[in-house]
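Student: What would the 3D arrangement of this be:
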Amino acid sequence: MASFWTGERVRLRGIEPDDWTAFMGFAVDEERLGDLLHPPRSAEGFRAWAKDQAVAKSDGDCFGLVIEAVDTGQIVGAVGSHHADPRAGWFEYGITMGAGHRRKGYAAEAVVMLLRFMFAERRYHKCEARIFAHNEASLALHHRLGFTEEGRLRDHVFFAGQHHDLVVMGILADEFAQLHSLSGLE
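Tutor: Numbers count the residues shown, from 1 in each chain. Down below sits the predicted model:
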């Protein structure tokens, strides 16, 4: 039997202490993309964070995973769910991809795996993603995956010296099931 967490291109796995260098690189990539600007963090800060993540107890349906390329074993990104509301049946998720690993199908496959788990195994009804309006690649990816633009929060975030819009996108479990298999073992 194949693993639910391994696809054609990527494998999702827990964060290990040695993954800190990849996450340090993702932080630099996100700054270059024009994402939120954070104060610099030391290498030791990233090491401590990764070590904490590796042993952290699961926070219900909120978790972070490494995206690893199947062919090379290289860490290409990270994906996770957060702000889960099991009573109302919705959750929010986020994804980051390393600069050299974008537009290769890794993100799409990782998102489908995560959504399959949350919809089929955890029985959530809806997923939301919040995307900076200037991130055209991410908006296009979400449209391809079946997400619908639900709204735009005007001047909602402030970074790089100005306010920016935030696009709220969503997909319902039945919409996902029409486009993607709910079984990860086919």
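Student: Neighbours of Ser183, how many?
Tutor: If you count neighbours by other CB atoms under 10 Å, Ser183 ends up with 9. From N, CA and C alone the C-beta is placed, and that goes for glycine too.
Student: again with Tyr93
Tutor: Quick note: Tyr93 (other CB under 10 Å) scores 19 neighbours.
Student: What is whichever strand or helix holds Arg116 packed up against?
Tutor: Arg116 belongs to helix 106-116 when elements are defined using DSSP states H and E. When contacts are defined as 3 or more CB pairs under 8 Å, 6 or more residues apart in numbering; DSSP states H and E, helix 106-116 sits against strand 10-13, strand 63-69, strand 75-85, strand 90-97, helix 136-145.
Student: angle of the third one against strand 90-97?
Tutor: Right, strand 75-85. 160 degrees (axes from the mean of the first three to the mean of the last three CA atoms, to 10 degrees).
Student: List of residues touching strand 75-85?
Tutor: 10, 12, 15, 19, 22-23, 26, 60-69, 90-98, 101, 104, 106-107, 110-111, 114, 118, 124 (CB atoms under 8 Å, 6 or more residues apart in numbering).
Student: which among those end up buried?
Tutor: Neighbour counting by 16 or more other CB atoms under 10 Å classes 10, 12, 15, 19, 22-23, 26, 61, 63-69, 90-93, 95-98, 101, 106-107, 110-111, 114, 118, 124 among the contacts of strand 75-85 as buried.
Student: returning to that earlier point: any chance of the helices and strands packed on helix 106-116 in TSV, with mean pLDDT and distance to Ser42 too?
Tutor: As requested, the helices and strands packed on helix 106-116 are exported to TSV (pLDDT from 0 to 100; distance: least, CB to CB, whole Å):
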stretch	mean pLDDT	distance to Ser42
strand 10-13	97	25
strand 63-69	96	20
strand 75-85	95	20
strand 90-97	96	20
helix 136-145	96	29
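Student: With that, I have no additional questions.
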